[in-house]
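> need a structure here:
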Amino acid sequence: ASLSVVVLVLLTACAACGDGSPTTTLDPDTTSAAAPEIVLSPEFVNGAVPGSRLVLLVSAADPRSGTVTVSAQAPGAEVVVAPASIAGSEVAEVIVVPAPTEVETDLRVTVTATAGDRMDSVDRTVTVVPWEDDREQQAREVLGLFLPWLEEERPELGLSEAAEFDGTMTAPLLLIVSHYGFYSDEWEVGVAWHVMVPPDDFAEMYLRPRDALAPTHAFRIGSWQTALATGSVEVVEVEPPPEVVR
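Next comes the predicted model:
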């Protein structure tokens, strides 16, 4: 009798296993394929200036998300997204150029990612200040302190005094330390300089490949005014910041 019970139990269990219901195994490589959630960098934007480019960076939160179409809008500004679609760990740049204004105003930037029937949006509210870009000349002087050293000491980066950069004022609401962004086809170069007297007037530079979300290299000069006055430049490599400055 006991043997009959065991056989009955086994037959019942097998019948349950073979009832036609599919058995699902979660594949960690495919479970995120339908999720176009995005990362919008940086987390904080320290203002923008009319006519200057604010460049926000977009990447998929999960590189397994497949191809994601990126779009953006910012009423009161010109907006360009390049490239318009990304996949894996690729990065899109959302370039926002605020329109002229005579008063301080808030600009809302909405970035949207679409993949199939999924859509996600991320917002940034940016304070646009009615200023003009008055930092480019000094920013290029500071940039010029780093480039000869990079050409000699880090030639693999492909940066030299002959490199051509488009510049744009960055983070106007950050005081004491001025910031400026330069762009070539391959690099974003963020320059910062402490507006103090020597020896407290450090200068820093970070480098971000245009196809990367975060800086990969950073460098520092102890006193940029002393370097400009004497022509003696001492550059040290430092830890890059976790995200770009805007």
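> ok, what's across the strand from the nearest residue to L56 once chain neighbours are set aside?
Nearest non-adjacent residue to L56, counting by CB to CB, 6 or more residues apart in numbering: V94, 4.3 Å away. Every C-beta, even on glycine, is put in place using the N, C-alpha and C of the backbone. On the basis of DSSP bridges, V94 is bridged to L56, V81.
> in its sheet, what does the one helix or strand D106 maps to sit against?
Under the criterion of DSSP states H and E, D106 resides in strand 105-115. When pairs are called by DSSP bridges, strand 105-115 turns out to pair with strand 68-73 (antiparallel), strand 118-128 (antiparallel).
> Now the element after the last one, going C-ward?
Secondary structure here is assigned by DSSP H and E; on that basis, the next helix or strand after strand 118-128 toward the C-terminus is helix 136-153.
> picking up where we left off before, please report the distance of the residue nearest to L56 from V197.
Counting by CB to CB, to the nearest Å, the separation of V94 from V197 is 38 Å.
> Run through the residues that contact P209.
Contacts for P209 (CB atoms under 8 Å, 6 or more residues apart in numbering) come out as 186-188, 216.
> which of V94 and V197 has more neighbours?
Set V94 next to V197 and count neighbours by other CB atoms under 10 Å: V94 wins out with 23 against 9.
> I figured the more buried one was touching A72, is that so?
Yes. Judged on CB atoms under 8 Å, V94 makes contact with A72 at a distance of 4.6 Å.
> and for the two, which residues touch both?
Joint contacts of V94 and A72 (CB under 8 Å, 6+ apart) are 56, 79, 81, 109, 111.
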